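**Q** structure for this input, please:
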Amino acid sequence: MEVDEVLEFFNDVFKVEESMGRARAGPMNKQQDAHSRIKQKYLEHITDNPKVGEKYSTMLGEMLIDGCFSIGYGIPGKMGKGSLDEGKRRELRKFLETKNNYNASELLEKV
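**A** Predicted coordinates for the structure are as follows:
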């Protein structure tokens, strides 16, 4: 399987499970978080290869930025929208310090 096919597979699985689980409380449940972590780890793995284009590194950066702001949103007693998750912030910082093959303009638009 090609990288784009694997990422499309992840998206399809997430959409199906999301449609099946709309009755669950809170938009960010444990299963969605687990899926995001799997996709993130996959992107981290493929971006370790210096021959991989900036598309996937940018995708990983966008995912890390989104993760900084979405953790716990909608779950009582957890951080809300606009709050930063320190663990995710550290992951984003490490990404920005160690990777250089990404589109900085696209990442800045996310922030």
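**Q** so what touches the helix or strand hosting F69?
**A** Secondary structure assigned from DSSP states H and E places F69 in helix 54-70. Contact with helix 54-70 is made by 3, 7, 28, 36, 39-40, 43-44, 46-47, 81-85, 88-89, 91-92, 95-96, 99, 101-103, 106-107, 110-111, as judged by C-beta atoms under 8 Å, 6 or more residues apart in numbering. Every residue, glycine included, has its C-beta placed from N, CA and C.
**Q** try 6 Å
**A** Applying C-beta atoms under 6 Å, 6 or more residues apart in numbering, the external contacts of helix 54-70 come out as 28, 40, 43, 46-47, 84-85, 88-89, 91-92, 95, 99, 101-103, 106-107, 110.
**Q** filter the residues you listed down to the buried ones, ChimeraX style.
**A** The buried residues among those can be selected in ChimeraX (16 or more other C-beta atoms under 10 Å) with this line:
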select :28,40,43,46,47,85,88,91,92,95,99,102,107
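**Q** the contacts of helix 54-70 in helices, which ones?
**A** Judged by DSSP state H, these include Q40, L43, I46, T47, K88, R89, E91, L92, F95, E106, L107, K110 as members of helices.
**Q** which SSE is A34 in?
**A** Here A34 sits within helix 30-47, counting by DSSP H and E.
**Q** could you give me the average pLDDT of that helix?
**A** On average, the pLDDT along helix 30-47 is 84.
**Q** and that helix with helix 54-70, angle?
**A** Counting by axes from the mean of the first three to the mean of the last three C-alpha atoms, to 10 degrees, helix 30-47 points 150 degrees away from the direction of helix 54-70.
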